[in-house]
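Novice: sequence and predicted structure, then a few things I'm wondering about:
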Amino acid sequence: MKDFVEQIPKLIGKTAEIEGRRLTIVEVLLDEQQVILEDTADQSDLQENQYGDIHRRVNRTWVIPFFSELEPGKLHPVLEAFRDE
């Protein structure tokens, strides 16, 4: 598993289908041990400009930890799916 954690930054741009969503890893935050995922098909989030006005629709994103919060020492199940791809 340690080898896979070291390889996580190389997964940027990789896509996997998880629970019917096509997710792409768009950023890896090594210090925080988190990954930012983007739903490539869902543009339901609204982005505001500096004045608080709705500016445009953007892809929905999620931030997930490297490791499962329910099973300490195991990779997050979503990252497991990327490893299996």
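Specialist: Arrived safely, thanks for sending.
Novice: show me what contacts the nearest residue to Asp39 once chain neighbours are set aside?
Specialist: In space, and not counting its chain neighbours, Asp39 is closest to Arg60: 4.6 Å by CB to CB, 6 or more residues apart in numbering. From N, CA and C alone the C-beta is placed, and that goes for glycine too. By CB atoms under 8 Å, 6 or more residues apart in numbering, the contact list for Arg60 reads 38-39, 42-45.
Novice: now do Phe67 against Glu6, distance only.
Specialist: Using CB to CB, to the nearest Å, one obtains 14 Å as the distance from Phe67 to Glu6.
Novice: next: Ile25.
Specialist: Taking CB to CB, one finds Ile25 at 15 Å from Glu6.
Novice: between Phe67 and Glu6, who's got more neighbours?
Specialist: More crowded of Phe67 and Glu6, by other CB atoms under 10 Å: Phe67, with 16 against 10.
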